[in-house]
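**Q** need coordinates for the following:
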Amino acid sequence: QVQLQESGPGLVKPSQTLSLTCTVSGGSITTNYYYWSWIRQPPGKGLEWIGLLAYSGSTYYSPSLKSRTSISRDTSKNQFTLQLSSVTPEDTAVYYCARVTYNGLGADFGSWGQGTQVTVSS
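**A** All right, here's what the predicted structure looks like:
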C-alpha cells in the first residue's frame, strides 16, 4: 500500500521560497498512469489544488499559482518536491501531497499524506 509523507520547514518568512518534499513508499513515482499532486488548505477555507506531476515527469499547475510554483522529482529517492516562491501570509496552510489516478469519472485523489502546517510570518 502506497504511503506519502510531507516534510519541510513549518515557518517561512514573507518573500522567501517555500520548499516541501513528499517521500513516497510502497510504490514508484514513475509507475505508469500514476500522478502526484500537491494540495493545500488555508485556515478556515477549503482545499486548493496547487499542481500535478505525471509519471512521465510532465507538470501541470493551477493557473492562479502557476507563476510562483515549481514541482520537481528525484526518482532515485522516490520523492517529489514543491517550491512556491514569493510567499505571503496568504500562503499559510496545511500542505498535502497525494497520489492521483484517472478513471471514467475523473480524478481520484486516492492516497494522501498526513499534511504539514506551513506558516508564513516574519
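
**Q** run the chain-centre distance for the helix or strand bottoming out on mean pLDDT in the chain.
**A** Using mean pLDDT, DSSP states H and E, the weakest-scoring helix or strand in the chain turns out to be strand 106-112, at a mean of 93. Centre-to-centre, strand 106-112 and its host chain are 13 Å apart (C-alpha atoms, centre = their mean, to the nearest Å).

**Q** tally of neighbours for Asn78?
**A** Using other C-beta atoms under 10 Å, Asn78 is surrounded by 16 other residues. No exception for glycine: its C-beta is placed from N, CA and C like everyone else's.

**Q** centre-most residue in the protein?
**A** Residue closest to the average C-alpha location in the chain (C-alpha atoms, centre = their mean): Trp38, at 2.2 Å.

**Q** for the helix or strand following the least confident helix or strand of the chain, buried residues please.
**A** Downstream of strand 106-112, the next assigned helix or strand under DSSP states H and E is strand 116-120. In terms of neighbour count (16 or more other C-beta atoms under 10 Å), strand 116-120 has its buried residues at Thr116, Val118, Val120.

**Q** which strands and helices sit next to the least confident helix or strand of the chain?
**A** strand 3-7, strand 35-41, strand 93-103 (3 or more C-beta pairs under 8 Å, 6 or more residues apart in numbering; DSSP states H and E).

**Q** what are the pairing partners of that strand, and which direction each?
**A** Sheet pairing of strand 106-112 (DSSP bridges) gives strand 93-103 (antiparallel).

**Q** flag every buried residue along stretch 10-18.
**A** Val12, Leu18.

**Q** what's it in contact with?
**A** By C-beta atoms under 8 Å, 6 or more residues apart in numbering, the surrounding residues in contact with stretch 10-18 are 8-9, 82-89, 91, 116-122.
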